[in-house]
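1. predicted structure and sequence below. I'll ask about it afterward.
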Amino acid sequence: MNKTTVIVGLGSCGLAAGAGKTYDEFHRIRQADKLDFEIKKTSCVGMCFREPLVEIIDDTGKYLYGSVDVKRVDEIIEKHIKNFSPIPEYIIESEKYKSEDASFFDGQVKITLRNCGHIDPESIEEYESRGGYEAMRKISNTNMSYEKVIQSVLDSGIRGRGGGGFPAGMKWKFARNNNSDKKYVICNADEGDPGAFMDRSILEGDPHSVIEGMMICAYAIGASEGYIYCRAEYPLAIKRLNIALDQARKKGYLGQNIFGIPNFNLEIQIKEGAGAFVCGEETALIASIEGERGMPRRRPPFPAESGLWKHPTNINNVETLANIPWIIYNGPQEFAKYGTEKSKGTKVFALTGKIKHGGLVEVPMGITIKDIIYKLGGGITGGKKFKAVQLGGPSGGCIPEYLSHTIVDYDSVNATGAIMGSGGMVVMDETTCVVDVARFFLDFTQKESCGKCTFCRIGTKRMLEILTRITEGEGKQGDIELLEEIAHTIKDSSLCGLGQTAPNPVLTTIKYFRDEYEAHIRDHKCPALSCKKLLTYEVIAENCTGCMACAKGCPVNAIEGEKKQVHHILQDVCIQCGVCFTKCKFKAIRLS
Amino acid sequence: MRIKRIIPEKIVDSASVSEIPDLTLMDPLIEKYKTRKGNLIPLLQGTQEIYGYIPHEAFLKLNRETGLKLNEMYGVATFYAQFRLSPAGKHIIKMCHGTACHVQGVTAITDEISDLLNVKDGETTEDKVFTLETVACLGCCSLAPVMMIGEETHGKLTPKEASKIVKEIRRNEKFTENVKS
């Protein structure tokens, strides 16, 4: 009989849900009861909505338990580990039981996330036991030339997963063709899009795959030094990357003549970003590594020609690099089997917002947005109506419900006015106001604009002012046209991607939800009942218990009423702050 | 542009800043990075790690010992969100204002904490226990709304729960202070 193994998912989201305490509890009980089972850790399998996740492997098979908080640990040990009787109601998936939530895995194809949630990210042995560093060995053993490596990447059709969608193989070719005694490879791990966390998950769950991807790239373009530019907001990712780099150095996978390839030398170091969204842009990222303010530079020259310290440099995103070892090992045709004509392979999406099954999904390109939301994501929470999905973060746009049959590939998504971006998919229901969402993104880009280009610096500020005015009921006729005009000017006259795409959230929401903008401006109404300043608050007499919570909370004393008597809101005093609505426990405040 | 970061809304009273920090703590850091290319950001990050912010004197010392120009250092320090030029509280509350958290109503939670502690975004409580900050995205979007206190992330919050967590930290702080005195 083999020893039973308990594997606890300890990614950032697992930890936020209390997985650390769960892990400790397994240890505590094992020691207290002198039990003989193994406890291991892994990272996220993407099923964030059922964290903390615990997998138990025994002689009868594998069992994935969901929502294992500290309280459930004792019961699981008692029933499953001691008495060999699994608890079906807590199991998400096993050979015998399958809960409804397991549909989350149906239709997913895991290439990028092949190891996430399956290995201990702090163990190089576990990475190697699942085919890790085999791609490098293949290159070494078969004397694969750099031309052939680049050709494989070109043939796979993989395009930049960070948002640009530029063919990765082309980038490599340009960097190779520039002769220099020094070249650099950079991994862009400055995942700044609010609403996207796939890079964090990969770095936390499978750091070696990114390092191996960088090695292959370094070999292909002829680089001898590598940087991983990671945002400081991801402390766990940085910690695990450091462990992985140390392990690789000890094994001789980094250093001189690595994998026995003569004159192939590589050293990789981590650069911690200091918090600036614009540093995701490659020239700004380079400036930041050089120790300057992260301001984009004019291209050309492209980094492939003159990048870090003016040497040829290739920059790829985390997700792109994590795919590379798989492509080299399994061959480009295997990768190109998935996807559409111009967008090959799979893509990882971060499903968040008003969706039942929030988490990370990896799907073949070409699947429809509707399928992602309803089949994998389980639909909208609280039985509400699906309104739109925001794709591509602050550079992207809103795709309305009636276009949800759009397939996900670079070109189809671009055609809607949104962009694929890094793959953040924020689902919105009827209670989300799109004008407010547009205002939210402009607030973000306005703050993050580096200030170099006037139109981006001042234009976004003016757009934000107009949008704020509209959401506060002060909108004027002509505001929509003014927004459009400024938006196009910013797009036309900004140097980098940040400015060129910043107006997208506004333009797409105007395109698909113009009536909502008009309702705000003309009728001073927010159809989604979200913009506080445009609402009227009334007491529903039948529900009011006269508890006085709302009256006490009201900052302007606009609520009248005696204790245990129905209260009343004085409309001419009310400042629409919404405090009464949040304070009321009896659903006695009506918004209209 | 982050104008707010260049001109702080509330100028910190000079008494709390005027204590000159122990600058020798920076020596190993300077030794390590002195001759490296692109050392400006790691030096500032290291300094902030030591003091919790970048003291005025530290800029001068870096200028003397590494030759980095003051205006360049100040330019970088005010460009990136990470750097602070005045001391922060013992616990930094980072409220995630990413898209998912916004859609799930984090604004109400920030308001609640802001009222509870009587500080605005970026400010520190008078007792120097808490600093409230809004950040772009903590990357735990499926647990939105999220806040991070120190290294710990708290997910699926309601205004009530968030204030309960903060109150508990405050209680513990008061308790240890009482024990000390």
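-> Nice, I can see it.
2. burial measure for residue B:59, as a count.
-> 18 (other Cβ atoms under 10 Å in any protein chain shown). Placement of C-beta: from N, CA and C, glycine included.
3. any regions of chain B where pLDDT drops low?
-> Filtered on pLDDT under 70, chain B yields the residue ranges B:1-19.
4. sec struct for residue A:361, please.
-> Look at residue A:361: counting by DSSP: H, G, I helix; E, B strand; the rest coil, its state is strand.
5. so what's it bridging to?
-> Beta-bridge pairing of residue A:361 under DSSP bridges involves residue A:349.
6. how about the contacts made by the nearest residue to residue A:529 once chain neighbours are set aside?
-> Once flanking residues are discounted, residue A:529 sits nearest to residue A:591: 5.0 Å by Cβ to Cβ, 6 or more residues apart in numbering or on different chains. By Cβ atoms under 8 Å, 6 or more residues apart in numbering or on different chains, the residues touching residue A:591 are A:529, A:535-537, A:581.
7. show the buried residues in the residues you listed.
-> A:535, A:537, A:581 (16 or more other Cβ atoms under 10 Å in any protein chain shown).
8. from the centroid of chain A, which residue is nearest?
-> Centroid-nearest residue in chain A: residue A:196, 1.8 Å away (criterion: Cα atoms, centre = their mean).
9. can I get the contacts of residue A:591 in TSV with distance to residue A:74 and secondary structure?
-> Listed next are these as TSV, based on distance: Cβ to Cβ, whole Å; DSSP: H, G, I helix; E, B strand; the rest coil:
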residue	distance to residue A:74	secondary structure
A:529	44	coil
A:535	47	coil
A:536	51	coil
A:537	46	strand
A:581	40	helix
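10. coming back round to it: tell me how far the residue nearest to residue A:529 lies from chain B.
-> The gap separating residue A:591 from chain B is 14 Å, by Cβ to the nearest Cβ, to the nearest Å.
11. I figured residue A:297 hits residue A:287, correct?
-> Yes. Between residue A:297 and residue A:287 there is a contact at 6.8 Å, judged by Cβ atoms under 8 Å.
12. can you report phi and psi for residue B:131?
-> phi -120, psi 130 (degrees, to the nearest 10).
13. list the contacts for it?
-> B:88-89, B:91-93, B:119, B:122-125.
14. swap the cut-off to 7 Å and go again
-> B:88-89, B:92-93, B:124 (Cβ atoms under 7 Å, 6 or more residues apart in numbering or on different chains).
15. out of these, which comes closest to chain A?
-> Chain A lies nearest to residue B:92 out of those, by Cβ to the nearest Cβ, at 12.2 Å.
16. who in chain B is up against chain A?
-> B:1-2, B:37-41, B:45, B:75-76, B:79-83, B:98-100, B:102-103, B:108, B:135-144, B:146, B:151, B:153-155, B:159 (Cβ under 7 Å from any Cβ of the partner chain).
17. circling back: between residue A:297 and residue A:287, who's got more neighbours?
-> Taking neighbours as other Cβ under 10 Å, residue A:297 and residue A:287 compare with residue A:287 leading, 21 against 17.
18. could you check the pLDDT of that one?
-> At residue A:287, the predicted lDDT confidence score is 95.
19. just the element for it, please.
-> helix A:282-289 (DSSP states H and E).
20. what's around residue 88, how many residues?
-> This is for chain A. 12.
21. let's do chain B instead
-> Applying other Cβ under 10 Å, we find 18 residues neighbouring residue B:88.
22. that one belongs to a strand, doesn't it?
-> No. According to three-state DSSP, residue B:88 belongs to no strand; its state is coil.
23. in space, what's closest to it - neighbours in sequence excluded?
-> Using Cβ to Cβ, 6+ apart and skipping the chain neighbours, the partner closest in space to residue B:88 is residue B:131 (4.3 Å).
24. which strand residues bridge that neighbour?
-> residue B:92, residue B:124.
25. could you list the buried residues of stretch A:30-47?
-> For stretch A:30-47, burial by neighbour count (16+ other Cβ under 10 Å) applies to A:30, A:37, A:40-47.
26. wait, stretch A:144-159
-> If you call a residue buried by 16+ other Cβ under 10 Å, then stretch A:144-159 has these buried ones: A:144, A:146, A:149-159.
27. what of stretch B:126-140?
-> Buried residues in stretch B:126-140, defined by neighbour count with 16+ other Cβ under 10 Å: B:129-140.
28. any chance of a markdown table for those residues, columns distance to residue A:268?
-> Shown next, in a markdown table, are those (distance: Cβ to Cβ, whole Å):
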| residue | distance to residue A:268 |
| --- | --- |
| B:129 | 40 |
| B:130 | 38 |
| B:131 | 34 |
| B:132 | 37 |
| B:133 | 31 |
| B:134 | 33 |
| B:135 | 28 |
| B:136 | 27 |
| B:137 | 26 |
| B:138 | 26 |
| B:139 | 22 |
| B:140 | 27 |
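29. need the residues you listed in JSON lines with secondary structure, can you?
-> JSON lines is the format used below for the buried residues of stretch B:126-140 (three-state DSSP):
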{"residue": "B:129", "secondary structure": "coil"}
{"residue": "B:130", "secondary structure": "strand"}
{"residue": "B:131", "secondary structure": "strand"}
{"residue": "B:132", "secondary structure": "strand"}
{"residue": "B:133", "secondary structure": "strand"}
{"residue": "B:134", "secondary structure": "strand"}
{"residue": "B:135", "secondary structure": "strand"}
{"residue": "B:136", "secondary structure": "coil"}
{"residue": "B:137", "secondary structure": "coil"}
{"residue": "B:138", "secondary structure": "coil"}
{"residue": "B:139", "secondary structure": "coil"}
{"residue": "B:140", "secondary structure": "coil"}
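30. which one of the residues you listed is nearest residue B:49?
-> residue B:131 (15.9 Å; Cβ to Cβ).
31. any idea how far the closest one is from residue B:92?
-> Here the distance between residue B:131 and residue B:92 works out to 5 Å (Cβ to Cβ, to the nearest Å).
32. cool, residue A:340 as well?
-> Distance of residue A:340 to residue B:92, given as Cβ to Cβ: 45 Å.
33. repeat for residue A:344
-> 43 Å.
34. higher neighbour count, those two?
-> Neighbours were counted for residue A:344 and for residue B:92 using other Cβ under 10 Å; residue A:344 has more, 23 against 17.
35. per-residue pLDDT, the residue lying closest to the more buried one once chain neighbours are set aside?
-> Nearest residue to residue A:344, sequence neighbours excluded (Cβ to Cβ, 6+ apart): residue A:157, at 3.3 Å. We have a pLDDT of 96 for residue A:157.
36. just the closest of the contacts of residue A:591 to chain B, please.
-> The nearest member of the contacts of residue A:591 to chain B, counting by Cβ to the nearest Cβ, is residue A:581 at 9.7 Å.
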